[in-house]
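1. Quick check, what structure comes out for this input:
(one chain, ligands or ions: 2)
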Amino acid sequence: MSFTILKKHELVPTVYLMGIAAPRVAKKAMPGQFVILRIDEHGERIPLTIADFDAQTGTITLIFQKIGKTTRQLASLAAGGSIADVAGPLGKPSVIEKFGTVICVGGGVGIAPIFPIARALKSAGNRVISIIGARSADILFWEDRMNEASSELHITTDDGTKGHHGFVTEVVQNLLEHGGHSGQIDRVIAIGPPVMMRAVASVTKPFGVKTVVSLNPIMVDGTGMCGACRVLVGGETKFACVDGPEFDAHEVDYTLLMSRLAMYLPEEKEALEPYEH
Ligand SMILES: Cc1cc2nc3c(=O)[nH]c(=O)nc-3n(C[C@H](O)[C@H](O)[C@H](O)COP(=O)(O)OP(=O)(O)OC[C@H]3O[C@@H](n4cnc5c(N)ncnc54)[C@H](O)[C@@H]3O)c2cc1C
Ligand code: FES
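-> Ligands and ions are numbered 1, 2, ... in the order given. As a prediction, this is how the structure comes out:
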């Protein structure tokens, strides 16, 4: 069985949106979950978050950044083409309850996974204050969707080309100090590069606000068997594919996460070489 690509386009430079016919995944998907796909039978398995899903049309939307061999191959596929395997939905869904006021932070390509979570939290009756950030305005995407999914939307760019000139953490800090328009902040969820998630965690910790991050370690089987996605949370070993990917931000060992992510850099560089010429 293969999975048909219904649409594909470049959202902003190096970031692509792909719509795939995957009725069984779309039927069961919940915010916070991901798929593991393999382009063809010789391909590497890579995890991508389900950025959107529609049970009625049987489609899922993936947003991915072109960084290495497999994401480059994926970016070269077109609508009408197909993908050999799309396994999922995998991972524990995000906890969606009525918490009160929730800050949702999406950094870079992390805007894609935060979107369905913000939307579901708003539907559950929360006041959702979203903060989306990117290095520069030209690589910021889904501002319209995030606006709809939030009660209040803040934008940050590292170079000041749009919104607040600086990092998402500065807006988080400001909201925690002044409570936003709504008073108390009850929960924070942050998805983005590990350095950003670590920085958000250190900003929220002194305020004692429950903070959740979605971890992105290297994954292979996605079933808790291979151990590739091992992370340390609260001093305990967890497998992000089955125990996560969301964890208590204040308990995660980010140093280990980052060093394990960099473990295969020489092999990844070698795999990329034929595609660079
Ligand atoms: C649960 C989860 C959800 C993710 N969701 C998204 C998403 O929605 N959009 C997106 O752009 N990226 C997402 N990622 C990261 C994505 O899986 C990697 O960018 C991708 O695997 C890179 O593969 P590559 O061959 O193109 O690059 P490579 O050159 O092989 O690797 C580049 C970098 O990507 C990471 N990586 C490589 N292989 C894997 C792997 N098998 N599993 C996880 N990380 C890997 C490593 O940090 C590595 O240094 C997610 C990762 C996880 C764990
Ligand atoms: S990916 Fe193998 S245990 Fe999680």
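
2. what does the domain assignment say about this protein?
-> By the record's domain assignment, the chain is partitioned as 3-90, 101-261 (automatic domain parsing).

3. Now do the first one: distance to the chain's middle.
-> Here domain 3-90 shows a centroid-to-chain-centroid distance of 13 Å under the convention Cα atoms, centre = their mean, to the nearest Å.

4. Is it in proximity to ligand 2?
-> No: counting by Cβ under 6 Å from any ligand atom, ligand 2 has no neighbours in domain 3-90; the shortest distance is 7.8 Å. For the C-beta atoms, the positions are set from N, CA and C on the backbone; glycine is no exception.

5. swap in the longest one?
-> Yes: on the criterion Cβ under 6 Å from any ligand atom, domain 101-261 is in touch with ligand 2 at 219, 220, 221, 222, 224, 225, 226, 227, 228, 229, 239, 241.

6. Next up, phi/psi of the second one, please.
-> Note on residue 220: backbone dihedrals following degrees, to the nearest 10 are phi -120, psi -70.

7. per-residue confidence at it?
-> With respect to pLDDT, residue 220 scores 90.

8. Assign a three-state SS to residue 10, would you?
-> strand (DSSP: H, G, I helix; E, B strand; the rest coil).

9. And the nearest residue to it once chain neighbours are set aside, how far from residue 27?
-> Nearest non-adjacent residue to residue 10, counting by Cβ to Cβ, 6 or more residues apart in numbering: residue 16, 5.5 Å away. Residue 16 sits at a distance of 24 Å from residue 27 (criterion: Cβ to Cβ, to the nearest Å).

10. How about residue 99?
-> 27 Å.

11. Look at those two and report which has more neighbours.
-> Taking residue 99 and residue 27 together and counting by other Cβ atoms under 10 Å, residue 99 has the greater number of neighbours (18 against 13).

12. for residue 201, what are its contacts?
-> 190, 211, 213, 249, 250, 252, 254 (Cβ atoms under 8 Å, 6 or more residues apart in numbering).

13. Residue 92 now?
-> Residue 92 makes contact with 32, 33, 242, 243, 244, 245, 246 under the criterion Cβ under 8 Å, 6+ apart.

14. ranges for the strands of the stretch 51-200 of the chain?
-> For the stretch 51-200 of the chain, the strands defined by DSSP state E, counting those that start in this stretch cover 52-54, 59-65, 82-83, 85-90, 101-107, 127-134, 152-157, 164-165, 187-191.
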